[in-house]
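S.K.: fold the following, please.
(2 chains)
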Protein chains: 2
Amino acid sequence: MQSITGGRAIQGVQFGACRAPVYRGKERDDLLVVAFPEGSWGAAVTTLNRFCAAPVTLLKAHLSETRAVRYWLLNAGNANAGTGAPGFEAAQQTVAALAESVGCRMEAIWPFSTGVIGEPLPVDSICAALPRALAALDGSAAGWERASRAIMTTDTRPKLRHITCEIEGVTVTITGMTKGSGMIHPNMATMFGLLVTDARLSPDCLDKALREAVRHSFNCVTVDGDTSTNDACALVTTAQAEHAEITTLDSPAGRVFQAALDQLCDDLAEELARDGEGAGKFVVVRVREAMNEADAHTIANTIALSPLVKTALAASDPNWGRIVAAIGRAPVSEIAIDRVQVWLNGVQIVANGGRHPDYTEEAGQRAMASVEITIEVAMGQGEASCRVMTCDLTKEYVRINAEYRT
Amino acid sequence: MQSITGGRAIQGVQFGACRAPVYRGKERDDLLVVAFPEGSWGAAVTTLNRFCAAPVTLLKAHLSETRAVRYWLLNAGNANAGTGAPGFEAAQQTVAALAESVGCRMEAIWPFSTGVIGEPLPVDSICAALPRALAALDGSAAGWERASRAIMTTDTRPKLRHITCEIEGVTVTITGMTKGSGMIHPNMATMFGLLVTDARLSPDCLDKALREAVRHSFNCVTVDGDTSTNDACALVTTAQAEHAEITTLDSPAGRVFQAALDQLCDDLAEELARDGEGAGKFVVVRVREAMNEADAHTIANTIALSPLVKTALAASDPNWGRIVAAIGRAPVSEIAIDRVQVWLNGVQIVANGGRHPDYTEEAGQRAMASVEITIEVAMGQGEASCRVMTCDLTKEYVRINAEYRT
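M.R.: Numbers count the residues shown, from 1 in each chain, chains lettered A, B, ... in the order given. Just a heads-up that it's a prediction; the model follows:
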C-alpha cells in the first residue's frame, strides 16, 4: 500500500480558491473554501501552543458542539494569532459571512489561518472575496491541486497525496494535503494537515485513527523546534463509501484504514521535512534500544534540533562528535554512554561511546555527501524506538526567516 | 563595584602559553600551563552533558581527592571528548608528563581541553611542548592576556576582566577569563570560566561562592542551546591576602566577596553572549512575574533559543508574534495568556496577550534597529524573575559552524 503524489477526487468534496487578497503585493490565491456534502463529519488535532490562534480556538469550540462539518474556510498570509479578543471576533465574522452565504450553521464551518502572527486579519477583504471562492468550487483533481497551492506560505511546493485501500471489496480513498516549512515542531508538527476520505468510520473511530496517525507522522517532524500557534490537522469523511460503518479500529476493516491513513500521513510528513525552510538535505534520525518511546523521541529530537548537528549536515561534515554531544545532553533520566552506537548512512561511527575503531574520516565524508541522511542511534538500554524526520540548517533558513515580513 | 577589562596580576600565579601544535595549520598558541603557588586550593563546576570529555572526568576525579591545586593544563583545538577509554588515557598521559616535569602530584593538576570533538588528542605534541610552556611562565598582566588568547576557539576576541574589593581593609583581586562562542547553553553555560583570586576563603566557601555566581551568570547565557561536553568553570585562590579566612558567606566579608565574584561572572558571561558565533546583536531576555524562578528561566530560554525570534532579531524585524509564540510553547505547567505583557527596548508591544493598542510598527522598527535589545516579559502570575543573555542567529553562525573543521 503506497501513497501517490497528487489529489484524487472524492465525491461531493469541492475546492474554491481565489485571491482575497490577504497577502499584500503577491499575486496568488490566499483564500480557500472547501465544501463537504451533507452527512460529513470530522476530527481535528490542534496545536498545544497556549498562544493558539483565534481560528484554532474557534475550531475547537465548533468541534465541541458537533462533529458534523460542511465547510472549511482557510486563508494564508495572516495567522490571526496573538491578536487577542478582536482576533477572535474577526475569525467569527468571516465564518458568519460564509455561513450566511451558504445557509448553514456556523458550527459546521471550520476555520484555519496561517501566515504572519500578530497582525489584524483583513476581514473585509476576506468577506468580499467569499462569493468568488464559492463560484470557483471545483471537485476535480485540478481543484485539489489549486487548493494545495492556495494554503502555502514559505513552502516551495504544494504537498498533495492520496492513497486508496479496499474495505469489504469497496475501494476507499484518502486524499491529503499539508503545508508548512518553518515553525515546525511537535505538537502538532505541522501548520495544516488536511485530510478527506469517503470511508465510513464512526466519529469516535475517525478521531482515534487521526490521533494515532499524527503521533507517528506529523508529530515526528521538526524543522526548527518552534511549535506554531496555528497547527491543525483535520480529517473529514463524507461517509459515502458503501461498506459497513467501521465502529472499532480493532477490526480487519479498521486496521486496513488505519494502515492507509498512517502511510499517507507519514508520506506527507516526509514532504514537510524535505521542504523545510532552506533545506538542502532530508534527514531521518532513528533512535532504538531506548528505555521507552518518550525517551527515544526526546533523544531523536535533541539530535534533530541541535544547531551544531544541523549545520554540520549542511556542510556535509561528518562531525559525529556533535551527534554524541547532543545525545549526551538529551533530557532523559538515564543514558549509558558506554553502550551508545551510532551509524551515519550505514557507516558505524561510534561504538561503546567512543569512535568506532574501523571508522575513517573518508568513510564518514562519503556517507555525509548524500542529500539523504539517516542517523541511526542504538542506546543499548531497552527496546523502544522512534523515528524523527528533519532537515539541515542552512544560511537560506536564516535568510528566509530574516526577510519573512519584508 | 565594577569589573574592568584586562587582567590584574595575582601574586604567585603565572601563565605559560605556546604553540604545541594542537591546531593544524594555524599559527597560534594552543597550549597553556597555569602555575599556582603552594597552598592554593580551588573549586570547579563542570558540564552536565553525559558525554562529558575525558579532561572533565579526570578533573572531577582529582577534585574528589583534594581541593589543593598547583597547575592547570589547558589546550585549545581538541576537546578530547567522545574519545572513549583511549581519550581518558591520553588526558592522564599529558597530566603525568607535566607532574613529572614540575615534581608535583597528578591530583594537583587540573586538565581542560576545548575544540573539535571526537578526534584523538595529540599527546606527543602536547608533551613535547610542555618545557616550552613552562619556560614561558609569566605572572604579569601581559601573561594573563596571552593566556586568554591561547584558550580561544571560534571566539573573535579574548575575554579577560578583573575586579577588586576591600575585605577588612585589604584589597583583594579576582581576575577571570572565559572562552566560548558556540555550543553554549546551561548547564554549564560556557566552555571555560577560569577565575583566580587571592582572597582567603575556606574550600567549602569557595565552592559555594562559585556555584552561586555561576547560577546567575554563565548558566544564564545561551547561544545555540547546545550544551558542550567540555564546559568547566573553575575558581582557585592563592589565599595570600592578609585578612582572616572567610568561613561563611553569610558574613560581611563573605557578602563583599560574593558580590564581587557575581559582578565579574556576570560581566564575563555578557562578553560570551556578545561574542556568540556570528552575533550581530546582544540580547537580554528578562522574564518577571513568573510562578517560580525555574519557570522564569524556562520561558526566558524558550524565547532566547527560538530560531524564529533569533532570525527576526538578526533582521531587526519587530516580528513580536514570534516572541508570544515562543512564550506559548514554553514547557511550564501554567501560563495565563491574557496577562502576558511584552516590551521591546521599552516599547510595549503586547498587553493582555494581544497587540498593545498604542503599538505601531514604526515604534517597533525603531526599537529593533538597536544592536542591543532587551526583551522584557511580565507573566502576571507571581513574583519570580530571571534574566538570560543571548545573541541573534545570523547566516554567519551557519557559515562558522558549517566550516568549523575545514
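
S.K.: ok, the residue lying farthest from the centre of chain A to A:A135 distance?
M.R.: Distance to the chain centre peaks in chain A at A:P357, reaching 40.2 Å (criterion: C-alpha atoms, centre = their mean). Using C-beta to C-beta, to the nearest Å, A:P357 is found at 69 Å from A:A135. Any C-beta I mention is one placed from the backbone N, CA and C, and that applies to glycine too.

S.K.: average model confidence for the helix or strand that contains A:L73?
M.R.: In this assignment (DSSP states H and E), A:L73 forms part of strand A:71-78. Mean pLDDT, strand A:71-78: 94.

S.K.: may I have that strand as CSV, with CA atoms only?
M.R.: The C-alpha trace of strand A:71-78 is given here as CSV (Å, rounded to 0.1, in the frame of the first residue of the first chain):
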residue,chain,number,x,y,z
TYR,A,71,-17.2,23.8,5.1
TRP,A,72,-13.6,24.6,5.8
LEU,A,73,-12.6,28.3,5.5
LEU,A,74,-8.8,28.8,5.1
ASN,A,75,-6.5,31.7,4.4
ALA,A,76,-2.8,32.0,4.0
GLY,A,77,-0.8,35.2,4.7
ASN,A,78,-2.2,36.0,8.1
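
S.K.: if I look at the nearest residue to A:G354 once chain neighbours are set aside, what pLDDT would I see?
M.R.: Spatial nearest neighbour of A:G354, excluding adjacent residues (C-beta to C-beta, 6 or more residues apart in numbering or on different chains): B:G84 at 2.2 Å. The model reports B:G84 with a pLDDT of 84.

S.K.: who's in contact with B:G84?
M.R.: By C-beta atoms under 8 Å, 6 or more residues apart in numbering or on different chains, the residues touching B:G84 are A:D338, A:N352, A:G353, A:G354, A:R355.

S.K.: count of residues packed around the fourth one?
M.R.: The reference is to A:G354. A:G354 is flanked by 22 other residues according to other C-beta atoms under 10 Å in any protein chain shown.

S.K.: and it, backbone torsions?
M.R.: A:G354 adopts backbone torsions of phi -130, psi 180, taken as degrees, to the nearest 10.

S.K.: and the residue of the stretch 201-350 of chain A that's closest to chain B?
M.R.: A:G321 (2.4 Å; C-beta to the nearest C-beta).

S.K.: what packs against the helix or strand where that residue lies?
M.R.: Element membership for A:G321, per DSSP H and E: helix A:320-329. Where contact means 3 or more C-beta pairs under 8 Å, 6 or more residues apart in numbering or on different chains; DSSP states H and E, helix A:320-329 is packed against helix A:293-305, helix A:307-314, strand A:341-344, strand A:347-351, strand A:372-378.

S.K.: of all these, which one is nearest B:G276?
M.R.: Closest of the helices and strands packed on helix A:320-329 to B:G276 is helix A:307-314, at 11.4 Å (criterion: C-beta to C-beta).

S.K.: what is the orientation angle of that closest one with strand A:372-378?
M.R.: Here helix A:307-314 runs at an angle of 140 degrees relative to strand A:372-378 (axes from the mean of the first three to the mean of the last three C-alpha atoms, to 10 degrees).

S.K.: can you confirm whether helix A:307-314 lies near chain B?
M.R.: Yes: using C-beta under 8 Å from any C-beta of the partner chain, helix A:307-314 comes into contact with chain B via A:P307, A:L308, A:T311, A:A312, A:A314.

S.K.: what about that helix, distance to the chain center?
M.R.: 23 Å (C-alpha atoms, centre = their mean, to the nearest Å).

S.K.: specify the beta-bridge partners of A:E166.
M.R.: A:E166 has the following beta-bridge partners by DSSP bridges: A:T171.

S.K.: how near is it to B:E166?
M.R.: The value you get for A:E166 to B:E166, if C-beta to C-beta is used, is 87 Å.

S.K.: ok, now which ones touch the residue of the stretch 201-350 of chain A closest to chain B?
M.R.: B:A79, B:A81, B:G82, B:V116, B:I117, B:G118, B:E119, B:T229.

S.K.: picking that back up, so the residue farthest from the centre of chain A makes contact with A:A351?
M.R.: Yes: judged on C-beta atoms under 8 Å, A:P357 makes contact with A:A351 at a distance of 7.1 Å.

S.K.: which residues touch the strand holding A:L73?
M.R.: A:20-24, A:26, A:30-36, A:94-95, A:98, A:102, A:104, A:108-116, A:119, A:121-122, A:126, A:150-153, A:179, A:192, A:194, A:234, A:236.

S.K.: let's see it at 6 Å
M.R.: Outside strand A:71-78, the residues within contact range by C-beta atoms under 6 Å, 6 or more residues apart in numbering or on different chains are A:22-23, A:30-35, A:98, A:109-116, A:119, A:121, A:151, A:153.

S.K.: next step: the residues you listed restricted to helices.
M.R.: Mapping the contacts of strand A:71-78 onto helices (DSSP state H) picks out A:L98.

S.K.: neighbours of A:Q14, how many?
M.R.: Residues near A:Q14, counting by other C-beta under 10 Å: 21.

S.K.: let me know the closest of the contacts of B:G84 to chain B.
M.R.: For the contacts of B:G84, the nearest to chain B is A:G354 (2.2 Å; C-beta to the nearest C-beta).

S.K.: ok, now how distant is that closest one from A:I375?
M.R.: Using C-beta to C-beta, one gets 17 Å for the distance from A:G354 to A:I375.

S.K.: up against chain B, what does chain A have?
M.R.: Taking C-beta under 6 Å from any C-beta of the partner chain as the measure of proximity, chain A contacts chain B at A:49-51, A:82-84, A:117-118, A:183, A:224, A:226-227, A:229, A:306-308, A:311, A:314-315, A:317, A:319-321, A:324-325, A:328-329, A:335, A:337, A:353-355, A:395, A:398, A:401-402, A:405.

S.K.: C-terminal to the longest helix seen in chain A, what's the next element?
M.R.: When chain A is parsed with DSSP H, its longest helix is helix A:252-274. Of the helices and strands lying after helix A:252-274 in sequence (DSSP H and E), the nearest is strand A:282-290.
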